[in-house]
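Participant: Quick one: sequence plus predicted model below, questions after.
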Amino acid sequence: MLNNINKTIKTFRIRSRKLSVKKHNNINIYWPLIGINLEKKKNLTNYFLNLYTPIILEIGFGFGEYLVNLCQKYKNINFIGIEVYIPGISFCLEKIYKLNLRNIKIIYSDALFFFINYAKNIKFYKINIFFPDPWPKRKHHKRRIIQRSLIKIIFKRLLINGILHIITDSFSYYESILKILKKFHGFQDISKIFKNFLKNNKIFNSRFKQKALVKKNKIYNLVYKKVF
Ligand SMILES: C[S@@+](CC[C@H](N)C(=O)[O-])C[C@H]1O[C@@H](n2cnc3c(N)ncnc32)[C@H](O)[C@@H]1O
């Protein structure tokens, strides 16, 4: 499970606190059922019972609250969550197992590493990145996950009419993402259609959404459709 970490710039902090016995057990028990051990030759769709339904990918799902809520609601869609934070993965695996959800798989990997090495034969219906680490200090901006290089890969990996959905409560991050997306031909800004997405949305729940609300931060919602 633990070999999918990119050796280059990290977009995340490696937090090496020891896992509790429970979290460790969750990984041992549920990973073989829900986790994907990436293999170059195996197409990711083969991990699902229903091979022909669209796939939604969430990058950096944290504890997976939103991912699991969506997955419960839309049984006719397949979901993949990708994360590097093991306590979050452990929590999410347990929830998925207890809810008996069959339309979701989890990948432990740096998302960029995953896209470059393992996602060549797959197209996603939607890719969500919610509250990516903002890396507020200027000297750390290079560690932000949303760079032109990632957007370029995501664009290739989306179906036509596929959607990239990004949410952040960092204004400077929002500005830099907007700058990248505006210059990117092939993406149409459909954020206005989703302008009420955050209002009274009980399904869209996550720890970082809660943190933003407590701090009364403005939340920016960017939704782009791949049009060609
Ligand atoms: C600020 S948290 C937000 C978590 C969750 N989306 C939420 O709203 O609560 C950002 C998450 O992205 C994950 N992350 C950062 N860089 C990543 C990468 N390159 N690949 C996969 N996950 C990454 C982190 O481990 C962290 O859990």
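Facilitator: Noted; the coordinates are in hand.

Participant: who in this structure is up against the ligand?
Facilitator: The chain comes close to the ligand at residues 11-12, 59-62, 82-85, 88, 110-112, 130-133, 145, 206-209, as judged by Cβ under 6 Å from any ligand atom. Backbone N, C-alpha and C define where each C-beta goes, glycine included.

Participant: go with 5 Å
Facilitator: 11-12, 60, 62, 83-85, 110-111, 130-131, 133, 145, 206-208 (Cβ under 5 Å from any ligand atom).

Participant: What's the ChimeraX line that selects buried ones from these?
Facilitator: Burial among the residues of the chain next to the ligand is assessed by 16 or more other Cβ atoms under 10 Å; the matching ChimeraX selection reads:
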select :11,12,60,62,83,84,85,110,111,130,131,133,145,206,208
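
Participant: So which of the residues of the chain next to the ligand belong to helices?
Facilitator: 111, 207, 208 (DSSP state H).

Participant: Now render these as JSON lines, adding pLDDT.
Facilitator: As requested, those are exported to JSON lines (pLDDT from 0 to 100):
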{"residue": "111", "pLDDT": "96"}
{"residue": "207", "pLDDT": "96"}
{"residue": "208", "pLDDT": "97"}
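
Participant: quick one: which of those is nearest residue 150?
Facilitator: The nearest member of these to residue 150, counting by Cβ to Cβ, is residue 111 at 7.6 Å.

Participant: ok, and the closest non-adjacent residue to the closest one?
Facilitator: In this structure, residue 111 finds its nearest non-sequential neighbour in residue 59, 4.5 Å apart by Cβ to Cβ, 6 or more residues apart in numbering.

Participant: Tell me if I'm right that that neighbour and residue 112 touch.
Facilitator: No - shown here, residue 59 and residue 112 do not form a contact pair, counting by Cβ atoms under 8 Å, at 9.3 Å.

Participant: okay, now residue 90: neighbour count?
Facilitator: Neighbourhood size, residue 90 [other Cβ atoms under 10 Å]: 22.

Participant: how about the helices of this structure, start to end?
Facilitator: Using DSSP H, the helices assigned to the chain run over residues 21-34, 65-73, 86-98, 111-118, 148-157, 171-182, 207-214.
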